[in-house]
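Novice: Any chance you can model this:
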Amino acid sequence: MQTRLNWLLMACAAAGLIFTGYKEMHSKPQPHAVDSATCTPAAIKSIDSITERAIHAAKCAERAK
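Specialist: Residues are numbered from 1 along each chain as shown. As a prediction, this is how the structure comes out:
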């Protein structure tokens, strides 16, 4: 029973990773304005795309230097 549950959980995790990867591969990152209002943690967390969020966070960190 435990083995069957482990396989089910692993299949769900794999499906989630495949879905997220497919979604990220087929979308172009949209540019976001970098200013003090959009560099707050809440504003960065509100960006849906993982790639866009990473790019925006890097630009905010570069701006803070």
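
Novice: As a check, name the ranges of all helices in the protein.
Specialist: Taking DSSP state H as the test, the helices found in the chain are 2-25, 41-45, 50-64.

Novice: what sits up against the second one?
Specialist: Put plainly, it is helix 41-45. 37-38, 53, 56-57, 60 (C-beta atoms under 8 Å, 6 or more residues apart in numbering). Any C-beta I mention is one placed from the backbone N, CA and C, and that applies to glycine too.

Novice: Can you verify my assumption that C39 contacts C60?
Specialist: Yes - using C-beta atoms under 8 Å, C39 is in contact with C60, at 3.8 Å.

Novice: and of the helices of the chain, who's closest to P31?
Specialist: Of all the helices of the chain, helix 50-64 sits nearest to P31, with 8.4 Å by C-beta to C-beta.

Novice: Quick one, grab the pLDDT at the residue most central in space within the chain.
Specialist: In the chain, the residue lying closest to the centroid (C-alpha atoms, centre = their mean) is I50, at 2.0 Å. As predicted, I50 sits at a pLDDT of 85.

Novice: cool, and the one 3 residues further on?
Specialist: In this prediction, R53 carries a pLDDT score of 92.

Novice: do the same with D35
Specialist: Reported pLDDT for D35: 88.

Novice: try A15
Specialist: Looking at A15, its pLDDT stands at 97.

Novice: Quick one: residues contacting it.
Specialist: Residues near A15 by C-beta under 8 Å, 6+ apart: none.

Novice: gap between it and L8?
Specialist: Distance, A15 to L8, by C-beta to C-beta, to the nearest Å: 11 Å.

Novice: I appreciate the help and will end here.
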